[in-house]
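Q: only geometry, no sequence info:
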């Protein structure tokens with residue numbers, strides 16, 4: 001795995017993005033990648049599948065900048081992302097798409113993915129500004145589970161893979177009646193990664209064909225992921241609901257680890273703490289001196305109850321220092337006597353001459369929510385060094 005960038009495994013993006021634009025994007029990295037761009041054929045299923053398989057196979061030899069840029073484009077390839085793109089374009093008086101192009105008969109190609117790639121290629125300043133505004137949006141982070149032991153080796157042979165897929169298929173087929181589930185397992189030096197693609201509930205809608213409205217019923221695919229770190233015994237699971245995350249965790253423990261009770265213990269979800277802020281109060285500062293890439297780090301939001309286990313709630317936001325603002329407004333506050341519900345931290349890094357921001361929401365005991373497509377290792381190291389991550393021993397003592 002690329003150290004600070006995950007492999008790009010967004011199947012919906014690769015199979016629906018405008019191929020001409022995608023080729024323009026890849027041309028930027030022609031000298032850095034092994035993919036033969038000249039050999040890419042017409043826009044058909046075979047070409048899309050080839051591209052998807054190429055990105056799924058990402059390792060240390062792949063251009064980390066290319067993978068990082070793909071993740072950033074995918075982040076803006078949503079209705080929320082495009083709304084930010086349009087707004088930033090309006091602010092500077094620019095057109096994301098020239099008016100002449102918008103006169104196309106149906107305009108079907110101007111979807112969210114097309115607009116995000118087009119902005120990246122043709123309007124980089126607008127793209128970067130929109131991405132900065134996206135840091136204010138909440139990100140869905142994986143559920144994290146810590147096992148009873150460290151350095152437990154996963155089984156990656158065919159019997160284990162088949163058993164995982166069979167049990168996952170049985171669960172999702174019963175849940176959604178989708179009758180489709182595929183699991184892809186990738187083993188690397190850190191542990192194992194599993195991609196699970198399955199169907200969701202059917203969707204019925206009206207579509208326009210020519211100048212007629214027609215009903216259409218279809219079933220979307222959903223992509224879930226599991227990432228297991230052998231050294232720490234920690235599993236991260238992304239899925240639609242908490243029940244699905246827990247079931248995938250249980251299936252993984254049974255089939256890949258051969259230990260059904262591996263994550264079935266009291267400290268399994270006790271992963272984060274806000275004690276450093278509660279104890280230091282007004283004197284709390286994020287320590288990032290060890291990181292030469294860090295430009296700025298701050299607590300930008302804090303929410304707390306005036307007493308443990310309830311009471312009235314207060315939320316303080318400040319782009320520079322929410323804790324300083326709290327004590328400016330309420331100088332007699334003793335955070336050690338309150339219950340901090342959550343905080344948001346903002347880290348700004350300078351990488352390859354560009355500022356990169358990550359906003360992290362920490363809500364004990366189990367939530368650290370931020371965009372983990374890139375810079376996850378760096379952000380997690382900052383959380384650990386500032387005392388927000390509970391060690392296995394500390395978690396056990398707190399239970």
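A: Nice, I can see it. Given the structure is predicted, the values throughout are model-derived calculations rather than measurements.
Q: now the strands: where do they sit in the chain?
A: 143-146, 181-187, 191-209, 212-229, 234-238, 294-307, 310-317, 339-351, 354-363, 367-369 (DSSP state E).
Q: just so I know, which of these lies nearest residue 284?
A: strand 294-307 (7.2 Å; CB to CB). For glycine as for every other residue, the C-beta is placed from the backbone atoms N, C-alpha and C.
Q: tell me what that closest one is packed against?
A: strand 310-317, helix 322-329, strand 339-351 (3 or more CB pairs under 8 Å, 6 or more residues apart in numbering; DSSP states H and E).
Q: and that strand, how far from the chain's centre?
A: 21 Å (CA atoms, centre = their mean, to the nearest Å).
Q: can you list contacts of the lengthiest helix in the chain?
A: Longest helix in the chain, counting residues (DSSP state H): helix 158-176. Applying CB atoms under 8 Å, 6 or more residues apart in numbering, the external contacts of helix 158-176 come out as 154, 178-183, 185, 194, 196, 198-201, 244, 247-248, 251-252, 254-256, 258.
Q: buried ones among the residues you listed?
A: Buried by 16 or more other CB atoms under 10 Å: 154, 178, 181, 183, 185, 194, 196, 198-199, 244, 247-248, 251-252, 254-256, out of the contacts of helix 158-176.
Q: how near is the residue nearest to residue 256 when sequence neighbours are not counted to residue 377?
A: Among residues not flanking residue 256 along the chain, residue 154 sits closest, at 4.9 Å (CB to CB, 6 or more residues apart in numbering). Using CB to CB, to the nearest Å, one gets 20 Å for the distance from residue 154 to residue 377.
Q: surely residue 317 touches residue 300?
A: Yes: using CB atoms under 8 Å, residue 317 makes contact with residue 300 at a distance of 6.5 Å.
Q: which of the two has more neighbours?
A: residue 300 (21 against 12; other CB atoms under 10 Å).
Q: can you name the residues that contact the more buried one?
A: 317, 318, 319, 320, 322, 344, 345, 346, 359.
Q: tabulate the strands of the chain (a markdown table), appending mean pLDDT and distance to residue 270.
A: What follows is the strands of the chain, written out as a markdown table (pLDDT from 0 to 100; distance: least, CB to CB, whole Å):
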| stretch | mean pLDDT | distance to residue 270 |
| --- | --- | --- |
| strand 143-146 | 94 | 8 |
| strand 181-187 | 88 | 28 |
| strand 191-209 | 82 | 21 |
| strand 212-229 | 83 | 17 |
| strand 234-238 | 93 | 12 |
| strand 294-307 | 93 | 20 |
| strand 310-317 | 88 | 21 |
| strand 339-351 | 94 | 16 |
| strand 354-363 | 90 | 13 |
| strand 367-369 | 91 | 12 |
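Q: for those strands, give me TSV that also has distance to residue 48.
A: Compiled in TSV, those are given as follows (distance: least, CB to CB, whole Å):
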stretch	distance to residue 48
strand 143-146	31
strand 181-187	16
strand 191-209	15
strand 212-229	14
strand 234-238	23
strand 294-307	39
strand 310-317	43
strand 339-351	31
strand 354-363	29
strand 367-369	32
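Q: out of the contacts of residue 300, who's the most crowded?
A: Highest neighbour count within the contacts of residue 300, by other CB under 10 Å: residue 345, with 25 neighbours.
Q: quick check: bridge partners of that one?
A: residue 299, residue 360 (DSSP bridges).
Q: who are the contact partners of it?
A: Contacts of residue 345 by CB under 8 Å, 6+ apart are 286, 297, 298, 299, 300, 359, 360, 362.
Q: now the second one. Nearest residue, chain neighbours left out?
A: In other words, residue 297. residue 286 (4.1 Å).
Q: contact partners for that neighbour?
A: So residue 286 contacts 297, 298, 299, 345, 382, 386 (CB under 8 Å, 6+ apart).
Q: now, which of those residues sits nearest residue 212?
A: Closest to residue 212, out of all of the contacts of residue 286 and judged by CB to CB, is residue 345, at 52.3 Å.
Q: residue 352 contacts residue 65, correct?
A: Yes: at 7.0 Å, residue 352 counts as touching residue 65 under the criterion of CB under 8 Å.
Q: which of the two has more residues huddled nearby?
A: The neighbour comparison of residue 352 against residue 65 (other CB under 10 Å) goes to residue 65, with 14 against 9.
Q: list the contacts for that one?
A: Residues near residue 65 by CB under 8 Å, 6+ apart: 29, 32, 352.
Q: need the pLDDT of the last one.
A: So the one you mean is residue 352. The model reports residue 352 with a pLDDT of 78.
Q: ok so, going back, make a markdown table from the contacts of residue 300 and add distance to residue 9 to it.
A: Shown next, in a markdown table, are the contacts of residue 300 (distance: CB to CB, whole Å):
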| residue | distance to residue 9 |
| --- | --- |
| 317 | 34 |
| 318 | 37 |
| 319 | 34 |
| 320 | 37 |
| 322 | 35 |
| 344 | 28 |
| 345 | 27 |
| 346 | 27 |
| 359 | 24 |
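Q: what's the local residue count around residue 60?
A: By the criterion of other CB under 10 Å, residue 60 has 10 neighbours.
Q: distance of it from residue 153?
A: Residue 60 sits 22 Å away from residue 153, taking CB to CB as the criterion.
Q: residue 231 now?
A: Taking CB to CB, one finds residue 231 at 11 Å from residue 153.
Q: same thing with residue 359?
A: Computed as CB to CB, the residue 359 to residue 153 distance reads 35 Å.
Q: same question, residue 269
A: 23 Å.
Q: those two: who's more crowded?
A: Remark: of residue 269 and residue 153, residue 269 carries more neighbours, 18 against 11, as counted by other CB under 10 Å.
Q: just the pLDDT for the closest residue in space to that one that isn't next to it in sequence.
A: Nearest residue to residue 269 in three dimensions, chain neighbours excluded: residue 366, at 4.1 Å (CB to CB, 6+ apart). Looking at residue 366, its pLDDT is 92.
Q: residue 366 and residue 271 touch, don't they?
A: Yes: contact status for residue 366 versus residue 271: in contact at 5.3 Å, counting by CB under 8 Å.
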